[in-house]
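[1] Provided below are the primary sequence and the corresponding predicted coordinates.
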Amino acid sequence: QMQLVESGGGLVQPGGSLNLSCAASDATFGQYTVAWFRQPPGSEREFVAAIKSSGMSKFYSGFVRGRFTITRDNAKNMAYLLMNNLKPEETSIYYCAAGDVALRAPGRDYEYWGQGTPVIVSS
C-alpha cells in the first residue's frame with residue numbers, strides 16, 4: 001500500500017507563496033495521476049490541480065489557474081504544488097492524492113491519500 005506524505009504548509013501572509021511537497025513511499029507513484037485537493041474549515045473538499053503520470057498534461061481549477069503550478073519528479077517519487085499570491089480564503093488543509101484516474105477525475109476516484117498539510121493565509 002503506497003503511502004503519501006505532504007509537507008511545506010504553514011502560515012503565510014496574503015499575497016505570499018508556499019511550495020507544498022508530496023512524497024510517495026514507492027516507485028509505482030510514477031504510474032499514477034497525482035492531484036492536490038484542499039478542504040477549508042467547515043467546507044467540503046475541493047479540487048485544486050492534477051498532473052498525469054508523464055507530467056505533460058495538467059489541469060487546474062479556475063480559482064487557482066495562473067497562480068498555482070503542479071509539477072512532479074518521478075525519479076524522486078515526489079509531487080509539488082507551488083502556490084503564489086495566496087488569499088486568506090485559501091486557508092485549508094491541502095491533500096495530495098494519487099490514482100489510476102483521468103485528469104479531471106473527482107476525489108472519490110483517487111485510491112491513495114496523504115494526511116494533509118495545513119496552510120494558513122493571514123496577516
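    Okay, I see it.

[2] and the spatially most central residue of the chain, what does it touch?
    Nearest to the mean C-alpha position of the chain, counting by CA atoms, centre = their mean, stands Trp36 at 2.3 Å. By CB atoms under 8 Å, 6 or more residues apart in numbering, the contact set of Trp36 is 20, 22, 48-50, 70, 79, 81, 94-97. C-betas here are computed from N, CA, C, even on glycine.

[3] buried residues in whichever strand or helix holds it, which are they?
    Element membership for Trp36, per DSSP states H and E: strand 33-39. Going by neighbour count (16 or more other CB atoms under 10 Å), the buried part of strand 33-39 is 33-38.

[4] now do stretch 88-106
    Buried residues in stretch 88-106, counted by 16+ other CB under 10 Å: 90-99, 101, 105.

[5] among the residues you listed, which are in strands?
    92-99 (DSSP state E).
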